[in-house]
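[1] What shape does this take:
(chains A and B)
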Amino acid sequence: MSNIMTIQLTLNGRKQSVTVDVKTKLIDILRQLGCYSVKMGCSEGACGSCAVNLNGRVVNSCLTYAVQADGGIVDTVESVGSLDNPHPIQAALVEEGAVQCGYCMPGMIMAAKALFDINPTPTDEEMAIHLDGQLCRCTGYEKIQTALRKVAAAGKGGVA
Amino acid sequence: MKLSGYHRPTTLDEAKRILKELGPSGLPMAGATSHSFLKGDEEKVAVDLAWMGYDRIDHGPDSFTIGANTRIADLQSYHAPGWVLDRVALRFVSQPIRNMTTIGGNIARVFPWNDFPVALLALGAVMTITGQDVQTHTADVYFKGQPARLYEPGDLLVEIKVPAVKSGCGFAYHKENVVNMDFSLLTLAAWIRLDKRTVADIRIAAGAGVPLPCRLPGLENALAGVAISTDAIKQAIASTLDSVKWKGGDGFSDDYIRALAQAHLEDVIIDAWQMAKGGAT
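    Model (predicted):
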């Protein structure tokens, strides 16, 4: 039996075919494909800097084998908004000054987007639950929370 | 552990056949979140169970049947009368991990800090393993030691049946850790059935602060048949606390965990009691 497999995935809306060793983690493939927003932090699923959305759910790409994403839809922050047309989550984070070093932000935005996509008006408690896998060592979370509260109040989180 | 191969069975029979052929080198793979913690150079061939179904919750008249491949996030978002595992799921690590991990993965190999064994012991769950034959085991038997002892190559956990918590009954789950993503220092679960103010039946289980998740029979016996009150609970805990070998770790002493258990046992039993009498939990 071969330890090499070819997998298909839809990465940021574009179909990709990648040949991988079965022990390769999803994060390594994503970075190989140019998604440098996906950051390696703790490599054990504790910090959330590698978080991406797999089939609409936020997962730690450092723990996910690439083969587990075969046939799936993978979204990274590269697919969310742009400098000229930021997603409401990104716009609110900038407006509130919630971004400092920025290392956690791609994961933070993807986790928030996974929540807002299914629930555009989450409560504070729901936000705390759904973002509990994302660590930020700069902000103390206050401004991130304020920004996301603003998005929830506007009910625009699910709008791309 | 090194992954040297990967299979993706789409049916239970195919999964059983592959695992049987692979023997000890086969590794049933659920969410794979624990693979980072499997040390050593042993080569394993993963058999990914995520593609074969057994990933839903069915609501029967008195119980819930949970497919072993059901994600913790799905236990978290499920709601029905008598369903209480959402409370346990909510305390489980973090949302990304809840999205990846399955209940089967959490109970097929038991670490002291695993969340669900403790809850399933208190709730009186029943596990179904299928291989050449179908085996059903109560949580008491299943968690008596490492569940691996019950599995032959080719055997798989397929279902967990959890009784609904009915009127007059209550359940509570408490977990103590330094931060959410740390391993637990102590986990406790209590299920109680009241006959007016008397404890008609009670099951209490502990994890993390003990060598492996277990029931606390001394405390259960001290409370069974007793008119429940905060004083009765305190007294029962005080008289039975030292019948359990509390175990520290990660810089926390055995005595610290014992003190933690004393406080949390009272809280978890009171919370279950409040639910049983219809109060807020």
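
[2] what's near enough to touch the nearest residue to residue B:101 once chain neighbours are set aside?
    In space, and not counting its chain neighbours, residue B:101 is closest to residue B:31: 4.1 Å by C-beta to C-beta, 6 or more residues apart in numbering or on different chains. Heads up, the C-betas are built off the backbone N, CA and C, glycines and all. Residues in contact with residue B:31 (C-beta atoms under 8 Å, 6 or more residues apart in numbering or on different chains) are B:50, B:71, B:97, B:100-102, B:105.

[3] Residue B:31: what secondary structure?
    Secondary structure for residue B:31, judged by DSSP: H, G, I helix; E, B strand; the rest coil, is coil.

[4] One more: residue B:202?
    Applying three-state DSSP: residue B:202 is strand.

[5] so, in contact with chain B or not, the helix or strand that residue A:111 is a member of?
    For residue A:111, the element it lies in under DSSP states H and E is helix A:105-118. Yes - applying C-beta under 8 Å from any C-beta of the partner chain, one finds helix A:105-118 touching chain B at residue A:111.

[6] Tell me which other helices or strands that helix touches.
    With contacts taken as 3 or more C-beta pairs under 8 Å, 6 or more residues apart in numbering or on different chains; DSSP states H and E, helix A:105-118 sits against strand A:51-54, strand A:57-60, helix A:88-95, helix A:124-130, helix A:142-154.

[7] Please convert these to a markdown table, extending it with distance to residue A:78, mean neighbour count and mean pLDDT.
    A markdown table is the format used below for those (distance: least, C-beta to C-beta, whole Å; neighbours: other C-beta atoms under 10 Å in any protein chain shown; pLDDT from 0 to 100):
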| stretch | distance to residue A:78 | mean neighbour count | mean pLDDT |
| --- | --- | --- | --- |
| strand A:51-54 | 10 | 28 | 98 |
| strand A:57-60 | 16 | 28 | 98 |
| helix A:88-95 | 12 | 20 | 97 |
| helix A:124-130 | 21 | 15 | 96 |
| helix A:142-154 | 20 | 19 | 96 |
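
[8] which one of these lies closest to chain B?
    strand A:57-60 (4.2 Å; C-beta to the nearest C-beta).

[9] so residue B:85 makes contact with residue B:119?
    Yes - at 6.5 Å, residue B:85 counts as touching residue B:119 under the criterion of C-beta atoms under 8 Å.

[10] Once you drop chain neighbours, what's closest to the closest residue to chain B within chain A?
    As assessed by C-beta to the nearest C-beta, chain B sits closest to residue A:133 within chain A, at 3.1 Å. What sits nearest to residue A:133 in space, not counting adjacent residues and going by C-beta to C-beta, 6+ apart, is residue B:94, at 3.1 Å.

[11] Pull the number of nearby residues for that neighbour.
    Look at residue B:94: counted by other C-beta atoms under 10 Å in any protein chain shown, it has 25 neighbours.

[12] Residue B:37 versus that one, what's the distance?
    16 Å (C-beta to C-beta, to the nearest Å).

[13] pLDDT weak spots in the chain?
    You didn't pick a chain, so chain A it is. A:1, A:156-160 (pLDDT under 70).

[14] nope, chain B please
    B:180-181, B:279-281.

[15] can you pull out the helices in it?
    B:12-22, B:72-77, B:85-90, B:95-100, B:103-108, B:115-123, B:139-142, B:217-223, B:230-240, B:254-276 (DSSP state H).

[16] Could you tell me the angle between the helix holding residue A:111 and helix A:142-154?
    Orientation check (axes from the mean of the first three to the mean of the last three C-alpha atoms, to 10 degrees): helix A:105-118 against helix A:142-154 gives 20 degrees.

[17] List the buried residues in helix A:105-118.
    A:105-117 (16 or more other C-beta atoms under 10 Å in any protein chain shown).

[18] Need these in CSV (columns: distance to residue B:162).
    As requested, these are exported to CSV (distance: C-beta to C-beta, whole Å):
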residue, distance to residue B:162
A:105, 39
A:106, 38
A:107, 33
A:108, 34
A:109, 36
A:110, 32
A:111, 29
A:112, 32
A:113, 33
A:114, 27
A:115, 27
A:116, 32
A:117, 30
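
[19] Of those residues, just say which sits nearest to residue A:74.
    residue A:110 (10.3 Å; C-beta to C-beta).

[20] ok, the closest one touching residue A:74?
    No - Residue A:110 is beyond contact range of residue A:74, at 10.3 Å (criterion: C-beta under 8 Å).

[21] Now the common contact residues for those two.
    Shared contacts of residue A:110 and residue A:74, counting by C-beta under 8 Å, 6+ apart, come down to A:52-53.

[22] Which positions in chain A make contact with chain B?
    A:1-3, A:5, A:22-23, A:43-46, A:48, A:51, A:54, A:57-60, A:63-65, A:67-68, A:70, A:111, A:129-133.

[23] JSON lines please, covering the helices of chain B and showing mean neighbour count and distance to residue B:58.
    Conversion of the helices of chain B to JSON lines gives the following (neighbours: other C-beta atoms under 10 Å in any protein chain shown; distance: least, C-beta to C-beta, whole Å):
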{"stretch": "helix B:12-22", "mean neighbour count": "17", "distance to residue B:58": "16"}
{"stretch": "helix B:72-77", "mean neighbour count": "20", "distance to residue B:58": "12"}
{"stretch": "helix B:85-90", "mean neighbour count": "21", "distance to residue B:58": "14"}
{"stretch": "helix B:95-100", "mean neighbour count": "28", "distance to residue B:58": "21"}
{"stretch": "helix B:103-108", "mean neighbour count": "25", "distance to residue B:58": "14"}
{"stretch": "helix B:115-123", "mean neighbour count": "29", "distance to residue B:58": "16"}
{"stretch": "helix B:139-142", "mean neighbour count": "20", "distance to residue B:58": "19"}
{"stretch": "helix B:217-223", "mean neighbour count": "19", "distance to residue B:58": "30"}
{"stretch": "helix B:230-240", "mean neighbour count": "16", "distance to residue B:58": "35"}
{"stretch": "helix B:254-276", "mean neighbour count": "19", "distance to residue B:58": "24"}
